Structures are given as C-alpha cells and as structure tokens.
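Enquirer: structure for this input, please:
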Amino acid sequence: MTYAKQKTELKLIISIGANIPGILGDPITTIAAMRPQIEKSIIEWNVALNRPKIDHQNIDKSLSFKWAPLFETDPLGGPIDQPRFINTVLVVQGEDFASVSPNKKAAICLMKKFLELEKIAGRERENTEIFWGPRSLDIDFISWGELQINTDILILPHPRLSQRNFVLIPLAEVLSKTQGKPKRITSQQIWPE
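Expert: The predicted model follows:
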C-alpha cells in the first residue's frame, strides 16, 4: 500500500509576552497596541519574500493570522519578585507564504523586525545583567516550518519550547480552533492516569 505524501503546511509561530509597563502602557495594553504592528511587519516581510508574486491589492488576504487568547502566567526563571506575565501566541500561514522555503536569511530578517518592535514598546535589551528579567515586550520567534538554525540572534525551533507552558497552552488553543479539540476519554481500568 502506498500513501501519498501530504504537503506540509508552513506556519510561523510567534510568542508574545510582557510583565511590566512600557511606554505604551500596561502589559495588556502594550500587547494589544503591538498586535497590528506585528501583523504589519510580517505582511511587509512576506511581500518582500514573494515579490512580484503577491498582488498588492490582496496583500492582507495572502496571510492568515490566528491569535491565541491572552494568558496570565508565572515568570519562568529570573528574579523571583517580578510580576506575572501576560502571554499569547500567533500562528501565521497562507497560500502565498507557503511558496517560500524557510531559510536562515529570511528568518533573521523577520527576527530583526521583531527586535525593532520591542524597542518601540520600550524594551531595552542592553541590560544583560538580569537573565529572564521583567520586560515591557518580548517577541520570540518559535518556529517556521521545519527550519533549523542556530545563530547569535535566533535559534529555531526555539530551544526551550517544550519547557514553556506559556507558549504551549496558547499554541494548543490556536491549533484547536483550526484542527478541532481532541476528546478526552474517561479513565479506563486498563489505562491508569
């Protein structure tokens, strides 16, 4: 029996979080204010990757942005007295986007756009004395298809993804909207939990 190979749907997965006020306001206000800016940056990046294939009339239709709800989460690492985080996840996909092969140069270009957005929100990365400290905005590039890179500016897939409930739980929410939620089976005698 032969099985047809399914085409892998390329997705960008981005994690966004904040736990201190920045120049745009409290963490929820900051994330809400940056949401359209994040989408705009990704659209511009996508257009640059796909020139001249994307018709400028349909730029917004070439991508699908799926946002998770906002979650309040405990900080992981860093100072023990820092405030709780507000987190969400964005999954991006689209027909025109799928025609681009994930590559190191394009991924680093997008990460640089995210770093600029963090600066706009008041994040200062220069203070490296505190690892995993409070931040007014944190945009983490989690994955792009099956791309694997390891550079000073970006590692894909994110190396600590499996340890980050603040990414996994919102990501599961987004995916369950498009793929349907699994149904939990009542515990059975042959399957103790």
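Enquirer: helix, strand or coil for the residue lying closest to residue 154 once chain neighbours are set aside?
Expert: Closest residue in space to residue 154, ignoring its immediate chain neighbours: residue 111 at 4.6 Å, by C-beta to C-beta, 6 or more residues apart in numbering. In short, each C-beta sits where N, CA and C put it, glycine included. Three-state call for residue 111 (DSSP: H, G, I helix; E, B strand; the rest coil): helix.
Enquirer: quick check, residue 111 in contact with residue 156.
Expert: No - judged on C-beta atoms under 8 Å, residue 111 makes no contact with residue 156 at a distance of 9.1 Å.
Enquirer: what about those two, which has more around it?
Expert: Using other C-beta atoms under 10 Å as the criterion, residue 111 and residue 156 rank with residue 156 on top: 23 against 18.
Enquirer: from the rest of the structure, what touches stretch 160-168?
Expert: Stretch 160-168 is contacted from outside by 15, 17, 71, 73, 76, 85, 87, 89, 140, 142, 143, 158, using C-beta atoms under 8 Å, 6 or more residues apart in numbering.
Enquirer: distance between it and the chain's centre?
Expert: Stretch 160-168 has its C-alpha centroid displaced from the chain centroid by 11 Å (C-alpha atoms, centre = their mean, to the nearest Å).
Enquirer: give me the common contacts of residue 111 and residue 156.
Expert: Listed as contacting both residue 111 and residue 156 by C-beta under 8 Å, 6+ apart are residue 141.
Enquirer: now the strands for the protein?
Expert: 12-18, 64-67, 71-73, 85-93, 138-144, 149-150, 155-156 (DSSP state E).
Enquirer: show me the contacts for residue 158.
Expert: 15, 140, 141, 142, 143, 164, 167.
Enquirer: pLDDT score assigned to the fifth one?
Expert: Which is residue 143. For residue 143, the pLDDT comes out at 92.
Enquirer: surely it is in contact with residue 157?
Expert: Yes - under the criterion of C-beta under 8 Å, residue 143 makes contact with residue 157 at 4.1 Å.
Enquirer: and these two? which has more neighbours close in?
Expert: residue 143 (20 against 17).
Enquirer: beta partners for the more buried one?
Expert: Counting by DSSP bridges, residue 143 is bridged to residue 13.
Enquirer: so what's it up against?
Expert: Shown in contact with residue 143 (C-beta under 8 Å, 6+ apart): 11, 12, 13, 156, 157, 158, 161.
Enquirer: surely the second one is in contact with residue 91?
Expert: Yes - Residue 12 lies in contact with residue 91 (C-beta under 8 Å); the separation is 7.2 Å.
Enquirer: who's more crowded, the two?
Expert: Per other C-beta under 10 Å, whichever of residue 12 and residue 91 has more neighbours is residue 12, with 24 against 21.
Enquirer: contacts only, for the more buried one.
Expert: 42, 90, 91, 92, 93, 97, 110, 141, 143, 144.
Enquirer: can you tell me how far the last one is from residue 122?
Expert: Read it as residue 144. Distance check for residue 144 against residue 122: by C-beta to C-beta, to the nearest Å, it reads 27 Å.
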